[in-house]
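1. I would like the atomic coordinates for the input below:
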Amino acid sequence: MDLDILENLKRIRFDIEEAKAKYRDRDDVIRLMAVTKTVPYQRVNLAVGEGVTLLGENRVQEYLEKKDFYDKSAEVHFIGHLQSNKIKYIIDSVKMIHSVDSVKLAAEIDKQAYKAGVVMNVLLEVNIGGEDTKSGVSPESLRELVYETGELKNIRVKGLMTIPPLEESEESFYKMSGLFSDLKSEHFENADMEILSMGMSADYALAVKYGSNILRIGSGIFGARK
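-> Numbers count the residues shown, from 1 in each chain. Coordinates of the predicted model:
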């Protein structure tokens, strides 16, 4: 039932504003991203109609099947694990790629962006919990990745992204906040460090506390995936 989306958005926005009032500056911009994995485009467009103008895509094939039906006022970011051979299919239609975790992947994005005549904004994915099952660069290798990625001409590093261990969200968000602040103060070439993307359906209010400015929420908006 579509009314659940409206109620969920109302609750989420209240939680965000409450956390922002408690922990953040009044002028801070915190964007709510609707993660659309397995969600029919009709339900996605309902969320867009309610003011959610940022969409997060996890799978290239699913995105390609749905993108032409999305409300054109929505901005789409790719947030899932990305294979190098699929970059060319999304390079001209997404505004940002959140999941860059190696120089090899960054170089291929740079190559495809050059072919498409665009400069692609990217976030560097950090495996903050050191989990074997997750993608992402280690915190110890992050600075080197920022430097090497910043040398590429057709991508621009805009910040960091992480998916923390569920049982360690607060500790992980605290560590990410520190990493982000340190890198921001260093002023790397071609790296703006404007975005910290962390927080999902189970921990988005906590992510606000630690400086996140993109919250990636799927089931919290659309309900449990089928």
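2. what residue ranges in the chain score low on pLDDT?
-> Residue ranges of the chain with pLDDT under 70: 1, 226.
3. can you report how many residues lie near residue 123?
-> 24 (other C-beta atoms under 10 Å). The C-beta positions use only the backbone N, C-alpha and C, and glycine is treated the same way.
4. which residues sit in contact with it?
-> 96, 97, 98, 99, 100, 157, 158, 159, 160, 161, 195, 197 (C-beta atoms under 8 Å, 6 or more residues apart in numbering).
5. nearest to residue 11, of those residues?
-> Using C-beta to C-beta, residue 197 comes nearest to residue 11 of those, at 21.3 Å.
6. what's the local residue count around the closest one?
-> 27.
7. now residue 25
-> Neighbour count of residue 25, defined by other C-beta under 10 Å: 6.
8. and residue 159, by the same measure?
-> Other residues near residue 159 come to 22 when the count uses other C-beta under 10 Å.
9. my read is that it contacts residue 198, right?
-> No - using C-beta atoms under 8 Å, residue 159 is not in contact with residue 198, being 10.1 Å away.
10. show me the helices in the chain, by range?
-> Taking DSSP state H as the criterion, the chain contains helices spanning 3-23, 41-49, 60-66, 87-90, 103-116, 139-150, 169-186, 204-209, 219-222.
11. could you dump the ones you listed into CSV and include distance to residue 126?
-> What follows is the helices of the chain, written out as CSV (distance: least, C-beta to C-beta, whole Å):
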stretch, distance to residue 126
helix 3-23, 21
helix 41-49, 28
helix 60-66, 22
helix 87-90, 20
helix 103-116, 14
helix 139-150, 6
helix 169-186, 7
helix 204-209, 14
helix 219-222, 23
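12. dump those helices to TSV, plus mean neighbour count and distance to residue 127.
-> Supplementary listing: the helices of the chain in TSV, determined by neighbours: other C-beta atoms under 10 Å; distance: least, C-beta to C-beta, whole Å:
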stretch	mean neighbour count	distance to residue 127
helix 3-23	14	25
helix 41-49	18	29
helix 60-66	16	22
helix 87-90	18	21
helix 103-116	18	14
helix 139-150	16	8
helix 169-186	17	10
helix 204-209	22	17
helix 219-222	21	22
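13. among the ones you listed, which is nearest residue 128?
-> Taking C-beta to C-beta, helix 169-186 is the member of the helices of the chain nearest to residue 128, at 4.6 Å.
14. quick one: contacts of the closest one?
-> Helix 169-186 is touched from outside by 126, 128-129, 139, 142-143, 146, 159-160, 162, 164-165, 191, 193, 196, 198-199, 202-203, 206-207, 209-212, with contacts defined as C-beta under 8 Å, 6+ apart.
15. do the same with stretch 11-22
-> If you take C-beta under 8 Å, 6+ apart as the criterion, stretch 11-22 is touched by 26, 28, 30, 32, 204-206, 208-209, 215, 217, 220-221.
16. stretch 58-76 too?
-> 35-38, 41, 44-45, 48-49, 52-57, 78-80, 82-83, 86, 89-90, 93-95.
17. need the buried ones from those selected in ChimeraX.
-> In ChimeraX syntax, the buried subset of those is picked out as below (16 or more other C-beta atoms under 10 Å):
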select :35,36,37,41,44,45,48,52,53,54,55,56,57,78,79,80,82,86,90,93,94
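18. show only the entries of the contacts of stretch 58-76 found in strands.
-> Taking DSSP state E as the definition of strands, these contribute 35, 54, 55, 56, 57, 78.
19. which residues touch the closest residue in space to residue 101 that isn't next to it in sequence?
-> Distances taken as C-beta to C-beta, 6 or more residues apart in numbering place residue 125 nearest to residue 101, at 4.5 Å, with adjacent residues excluded. Residues near residue 125 by C-beta under 8 Å, 6+ apart: 98, 99, 100, 101, 135, 136, 137, 160, 161, 162, 163.
20. that's all I had, so thanks and see you.
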